[in-house]
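Return a 3D structure for these sequence lines:
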Amino acid sequence: MKRFLKNITGLFFLLIVQTAFGQSIDLSLTTSKTCATYTYCVTIGMESTSGSGTQNIGNTSLLLTYDPEAISYQSYTSQHFDGSDLCIGGSSSSWLSHAYDNTSLSGKLNLSLLLDDNNNSCPNVTEGAVTDVAEVCFDILQQGSSPNITFDSLNTHINSDIPNDGTMPITISAFDSLFTAGVMLCDCAGAGTACNDQNVYTVNDQFDANCNCAGEYADNDMDGIYDGIDPCIDMIYEAENAEWGYIDSLFYGGVIRNTEP
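Okay, here's the model as predicted:
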């Protein structure tokens, strides 16, 4: 009976310790757009959601993915956890410069935050406020498309500062993402919006994801005349079925069909 109580007490204590040290963080993406240069930027942020007020993080690896057909990598600017926070005595930092790779894999940016002093992890990640990590900017290639920016959850990890060895990871409670078409529009009305491609032979002119205005060559009544210039697109009228003919070198009937733009 004593052994049973001892085991139950130990298990209860273990659960209390795990709860007390339970930590979680939200990863956010805040966007901005500069149409003068066709630039779309996202700022990666962290916010504590553990209920403990503040958290100290350790080595961190973030893998950001995006659509390389819609946007292309332009620049990277670190914000915090990069050696610029002189939060140790006002004169030194506990972090090394960010390490990042934007070339190894298309549509992926791998970012590493490297803690240099496990005993002095600062700044803290707090509740109710987002701590910016870095800003990543892209060239807009397809204004009407979605950038499809998100985190690869299987390859994104945040360690606690003590021990900073991967044995006590911090739970990531939310991975932000950007999957909305049209957020990068500048001087384009958007994919699917009606336009005029200045081609009289086409119909249903629309902008595509690349902001190109184009219609379709259609022949609804299959009479060989494009609907854009066909006065009767829903029927084959007699003149269109007429045949060319000559009697004694004299033309007796027919129709001229200009079906090429």
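
give me the beta-bridge partners of the residue nearest the centre of the chain?
Nearest to the geometric centre of the chain sits Ile149, at 2.1 Å (Cα atoms, centre = their mean). The residues listed as beta-bridge partners of Ile149 by DSSP bridges are Leu178.

any chance you could map the strands in the stretch 1-150 of the chain?
Along the stretch 1-150 of the chain, counting by DSSP state E, counting those that start in this stretch, strands occupy 24-34, 39-48, 54-55, 57-65, 71-78, 99-101, 108-113, 125-126, 131-140, 149-151.

Check whether Ser160 really touches Ser52, as I assumed.
No - the pair Ser160 and Ser52 does not pass the contact test of Cβ atoms under 8 Å, sitting 11.8 Å apart. (Each C-beta comes from the backbone N, C-alpha and C, glycine too.)

Common neighbours of those two, please.
By Cβ atoms under 8 Å, 6 or more residues apart in numbering, Ser160 and Ser52 have these common neighbours: Gln23.

out of those two, which sits in the busier spot?
Neighbours per residue (other Cβ atoms under 10 Å) separate Ser160 from Ser52, with Ser160 holding more: 21 against 13.

contacting residues for the closest residue to Ser28 other than its chain neighbours?
Closest residue to Ser28 apart from its sequence neighbours, by Cβ to Cβ, 6 or more residues apart in numbering: Gly45 at 4.2 Å. Gly45 sits next to 27-30, 130-133 when contact means Cβ under 8 Å, 6+ apart.

now Gly45: how far from Asp132?
5 Å (Cβ to Cβ, to the nearest Å).

quick one, helices of the stretch 151-261 of the chain?
With DSSP state H, counting those that start in this stretch as the definition, the stretch 151-261 of the chain shows helices at residue ranges 238-241.

For the closest residue to Asn210 other than its chain neighbours, which residues are in contact?
Nearest-residue entry for Asn210: Gln142, 5.3 Å, with adjacent residues in sequence omitted and distances by Cβ to Cβ, 6+ apart. Gln142 makes contacts with 69-71, 184, 209-211, as judged by Cβ under 8 Å, 6+ apart.

how about 6 Å then?
Counting by Cβ atoms under 6 Å, 6 or more residues apart in numbering, Gln142 touches 70, 209-210.

Can I get the buried ones among these as something I can paste into ChimeraX?
Written as a ChimeraX command, the selection of buried residues from those, which uses 16 or more other Cβ atoms under 10 Å, is:
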select :70,209
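
Nearest to Asn119, out of the contacts of Gln142: which one, please.
Out of these, the one with the shortest distance to Asn119 is Ala70. That distance is 43.6 Å, counting by Cβ to Cβ.

List the contacts of that closest one.
Contact partners of Ala70, counting by Cβ under 6 Å, 6+ apart, are 141-142, 145, 147.

Please tell me how far it sits from Ser50.
Look at Ala70 and Ser50: by Cβ to Cβ, they are 35 Å apart.
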